[in-house]
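sequence first, then the predicted structure, then my questions.
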Amino acid sequence: MTGLLPWPERTGRIVLEEVDSTMSEAARLAPELKQPTWIMALHQSAARGRRGRSWEMPKGNFAASFVFRPAGTAAEAALRSFSAAVALFEALALSVERDRLSLKWPNDVLLDGGKVAGILLESVGTQDQIDWLAIGFGVNLASVPEGVRDASFPPVSLEGAGAGPLDLDELLSRLAQNMATEEGIFAELGFAPIREKWLRHAARLGEVITARTARDEVTGVFETVDPFGQLVLRTPDGQVSIPAADVYF
Ligand SMILES: O=C(O)CCCC[C@@H]1SC[C@@H]2NC(=O)N[C@@H]21
């Protein structure tokens, strides 16, 4: 990927001792922000996760949101889910063996099969043009949240898994650099190369998995992620493309 312009030229950084949620702070600040901005917090009192869930953040874990104004439609903005996952994967792979890490569709990072990090996207705008997009990253750096009981993907922490030392500022720097790289790629080449990178790290590609939506459940062979970011499963009734779900295996 040589020859790509660095993106963007200037990125702001805000570090907060405490906040309700870096996503809420991103929403409050976004209308006035003049440049793409990272908002990191040492403590969050009301952090949120995907699909209306809450996110527990013990002391020492990583929480940050990246807020910016991507050009393009809401559907294109949503594909940043995959850029973010790739950026986070590469940031963590500097501290732990990369073959212990994998990506669960659409954007969880697993370490030894347990959930080490989650990503949340929120945006404001119209279908045709996003006003702003916030990408929230939560990483179990130091410890696992106590109240999470997920038998399928028990939370794990980098420290608990014996990863090399990694402090909050260093992780923020790695992520900021990687996201800038992924945005540069997206701007010049579109989603295709990001999709390819994501698929290289996908958990259970080619294996049977289950996708659960609010209404139903589909089990099939995980064939690919399509150019729209949808999960493609091969089922006895044919190929099914799923835009949003929780995945289990
Ligand atoms: O459900 C998930 O897996 C996504 C979790 C995202 C958590 C992060 S922590 C930083 C940012 N602020 C929030 O309130 N949520 C995200």
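Right, received. Where do you want to start? Numbers count the residues shown, from 1 in each chain.

what residues go with each domain of this structure?
Following the TED database, one gets these domains for the chain: 12-201, 207-248.

most tightly surrounded among these?
Of all the domains of the chain, domain 12-201 has the most neighbours on average by mean count of other Cβ atoms under 10 Å, namely a mean of 18. (C-beta placed from N, C-alpha, C; glycine too.)

tell me the mean pLDDT for that one?
Averaged over domain 12-201, pLDDT sits at 95.

the ligand: which of the domains of the chain is closest?
Taking Cβ to the nearest ligand atom, domain 12-201 is the member of the domains of the chain nearest to the ligand, at 2.1 Å.

please name the nearest non-neighbouring residue to Pro36.
Phe68 (3.6 Å; Cβ to Cβ, 6 or more residues apart in numbering).

contacts only, for that neighbour.
Pro8, Pro36, Thr37, Trp132, Leu133, Glu183 (Cβ atoms under 8 Å, 6 or more residues apart in numbering).

going by distance to Leu171, which of the residues you listed wins?
Thr37 (16.9 Å; Cβ to Cβ).

is that closest one bridged to anything, and to what?
Beta bridges link Thr37 to Gly12, Val67 when assigned by DSSP bridges.

my read: it touches Thr22, true?
No. If you go by Cβ atoms under 8 Å, Thr37 and Thr22 don't touch, sitting 10.7 Å apart.

got the phi/psi numbers for the residue nearest to Lys197 when sequence neighbours are not counted?
Counting by Cβ to Cβ, 6+ apart, Lys197 lies nearest to Val86, which is 4.9 Å off, once chain neighbours are set aside. Taking degrees, to the nearest 10, you get phi -70, psi -40 for the backbone angles of Val86.

hmm, Val86 is touching Leu199, no?
No. Look at Val86 against Leu199 with Cβ under 8 Å: they stay out of range, at 10.1 Å.

where's Gly118, which helix or strand?
Assessed by DSSP states H and E, Gly118 sits inside strand 114-125.

anything in that strand near the ligand?
Yes. Shown here: strand 114-125 in contact with the ligand (Cβ under 6 Å from any ligand atom) through Gly118, Ile119, Leu120.

need these in JSON lines with distance to Ala91, can you?
Formatted as JSON lines, these follow (distance: Cβ to Cβ, whole Å):
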{"residue": "Gly118", "distance to Ala91": "14"}
{"residue": "Ile119", "distance to Ala91": "12"}
{"residue": "Leu120", "distance to Ala91": "17"}
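
show me what from this structure comes close to the ligand.
21-23, 44, 47-50, 53, 55, 63-65, 108, 118-120, 136-138.

filter the residues you listed down to just the ones in helices.
Thr22, Met23 (DSSP state H).

mind listing which of the residues of the chain next to the ligand are in strands?
Gln44, Ala63, Ala64, Ser65, Asp108, Gly118, Ile119, Leu120, Gly136, Phe137, Gly138 (DSSP state E).

longest helix in this structure, please.
From DSSP H, the single longest helix across the chain is helix 168-189.

how far off centre is that helix?
12 Å (Cα atoms, centre = their mean, to the nearest Å).

outside of whichever helix or strand comes after that helix, which residues touch it?
The C-terminal neighbour of helix 168-189 among helices and strands, as given by DSSP H and E, is helix 192-200. Residues from elsewhere that reach helix 192-200 (Cβ under 8 Å, 6+ apart): 1, 79, 82-83, 85-86, 103, 182, 185-186, 205, 224-225, 227, 229.

turn the contacts of Phe68 into TSV, including distance to Ala91.
Listed next are the contacts of Phe68 as TSV, based on distance: Cβ to Cβ, whole Å:
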residue	distance to Ala91
Pro8	18
Pro36	17
Thr37	18
Trp132	23
Leu133	19
Glu183	15
